[in-house]
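J.: Here is a sequence with its predicted model. Questions after.
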Amino acid sequence: MAFTVTPWEVSGAIDYDKLVEQFGVSRIGPGLLKRIEAHAAKKGLPLHHMLRRNIFFAHRDLKWILDEYEKGNRFFLYTGRGPSGSTHIGHLIPWLFTKWLQDVFDVELYFQLTDDEKFLFNPKLELEDTQRLAMENALDVIAVGFKQGKTHIFSNTGYAKTLYPQACRVAKKLTFSTAKAVFGFGNDSNVGQIFFTSMQAVPAFLPSVQAGRNIPCLIPHAIDQDPHFRVTRDIMPRMGYYKPASVQCRFLPGLTEDGKMSASKADTAIYTTDDARTVRKKVLKHAFSGGQPTVEEHRAKGGDPDIDVSYQWLTFLEENDAKLTQVYHDYKSGRLLSGELKLMLVEKLNGLLTGHQKRREQARKRLDDFWVKD
Ligand code: TRP
């Protein structure tokens, strides 16, 4: 079946094996997992369930990042968000993992909000919209619990005086023909779009510029962003910097369909600001079920957890392996009904969101502690 994964479009039933091959990323093997697990253990933490379950499944140069770290050469983290709408659960997935990395390795995080990108690529959004959304989204970033003092959040237009000269240095080394080949631009693409990847490259080396020495960079991101960092990795050594390393995750499926959860289709997404009743309603009504049409049939034949969206979401959100395995078997055997499985997800989501929403409100007063601008 056909699928598409680019920074501008994610659709269809994604074959992650094919993506690994097409993009040229590497699988995260048992050797790397063991090394990360040992670092986590020093902080009293187990290996993150998104690593245990292959949700963060691929990487570039992760071995090098660990080698350097173990030699005492710490890396910094870089990730970001395109502020095109409200934050939903799908966006939180890589951020939750990034927070874990920050806790385990005790490192700085640079978080880019690409208000320029979303303005340039979305015909319906004005710059004022994406700038406002950047501030809104930043509340969710802070609510995830990143360390104050070690976390630097900025928007591209708000930090342009710092970012732009560096972006120019990148852009000079990037030809239109490369940008076209990587991103599929044509004569009808606006020139801002063609330039944009230069802005996304900058945080991968800005801390090195500011420190006056090269610092390794690790970028956790959803796999669709890899084309940007392929370009970045190609150019960085030519500018005298390290290639950034990266670690890639799968997409949380939409409630109703395959592919990525889309913020533009309200029913397929659970927003971080949805209240408990809304969450319950959306999941019960829209979560695609792998169950049988009637209770009798379900008890007799069992459900299919592998296509059931509620189960899939629990693999992203339920940290307890034993509990998850139990759900899997109970559902497959027919002991657990679709409605019951959905309610388990509702409970998990509402537990997560209650804390998040409280921290998100508190974050309004803390924005200045995290926000960097010129
Ligand atoms: N372009 C990304 C998006 O549309 C936002 C982004 C900027 C990003 N820098 C990043 C995402 C670094 C991951 C890592 O969502």
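T.: Received the coordinates, thanks. In this text the structure is predicted, and so the values were computed from the model without any measurement.
J.: Skipping its backbone neighbours, what lies nearest Glu305 in space?
T.: Let me fix one detail, which is that residue 305 is Pro and not Glu. Nearest residue to Pro305, sequence neighbours excluded (C-beta to C-beta, 6 or more residues apart in numbering): Tyr311, at 4.1 Å. (Glycine included, C-beta is placed from N, CA and C.)
J.: Helix or strand: which one has that neighbour?
T.: Using DSSP states H and E, Tyr311 sits in helix 309-317.
J.: Which elements pack onto that helix?
T.: Counting contacts by 3 or more C-beta pairs under 8 Å, 6 or more residues apart in numbering; DSSP states H and E, helix 309-317 packs against helix 321-333, helix 338-363.
J.: hmm, back to that, neighbours around the residue nearest to Pro305, how many?
T.: Other residues lying near Tyr311 total 27 when counted by other C-beta atoms under 10 Å.
J.: quick one, what contacts it?
T.: By C-beta atoms under 8 Å, 6 or more residues apart in numbering, the residues touching Tyr311 are Gly290, Pro305, Val327, Tyr328, Tyr331, Leu341.
J.: pretty sure Leu45 is touching Leu101, no?
T.: No - Leu45 is beyond contact range of Leu101, at 10.8 Å (criterion: C-beta atoms under 8 Å).
J.: more crowded one of those two?
T.: Neighbours were counted for Leu45 and for Leu101 using other C-beta under 10 Å; Leu101 has more, 22 against 13.
J.: mind checking pLDDT for the nearest residue to Gln312 once chain neighbours are set aside?
T.: Residue nearest to Gln312 in three dimensions, not counting chain neighbours: Pro253, with 5.6 Å by C-beta to C-beta, 6+ apart. On pLDDT, Pro253 comes in at 91.
J.: Pro253 against Val309, yeah?
T.: Yes - if you go by C-beta under 8 Å, Pro253 and Val309 touch, sitting 5.8 Å apart.
J.: so what's the closest residue to Lys373 other than its chain neighbours up against?
T.: Spatial nearest neighbour of Lys373, chain neighbours left out: Gly158 (4.5 Å); criterion: C-beta to C-beta, 6+ apart. Residues in contact with Gly158 (C-beta under 8 Å, 6+ apart) are Asp115, Gln131, Ala134, Trp371, Lys373, Asp374.
J.: Check the secondary structure at the third one for me.
T.: Each residue gets one of three states, and Ala134 gets helix by DSSP: H, G, I helix; E, B strand; the rest coil.
J.: How much space separates it from Asp140?
T.: When C-beta to C-beta, to the nearest Å is applied, the distance between Ala134 and Asp140 equals 11 Å.
J.: re the thing from before, what touches both of Pro253 and Val309?
T.: With C-beta under 8 Å, 6+ apart, Pro253 and Val309 have no common neighbours.
J.: Does Gln200 lie in a helix or a strand, and which?
T.: helix 191-201.
J.: helices or strands next to that helix in the packing?
T.: Partner elements for helix 191-201 (3+ C-beta pairs under 8 Å, 6+ apart): helix 115-121, helix 160-171, helix 176-183, helix 226-235.
J.: Show residues contacting stretch 126-142.
T.: 81, 83-87, 91-92, 95, 111, 113, 115-116, 118-119, 122, 151, 153, 155, 157-158, 272, 356, 359-360, 363-364, 366-367, 370-371.
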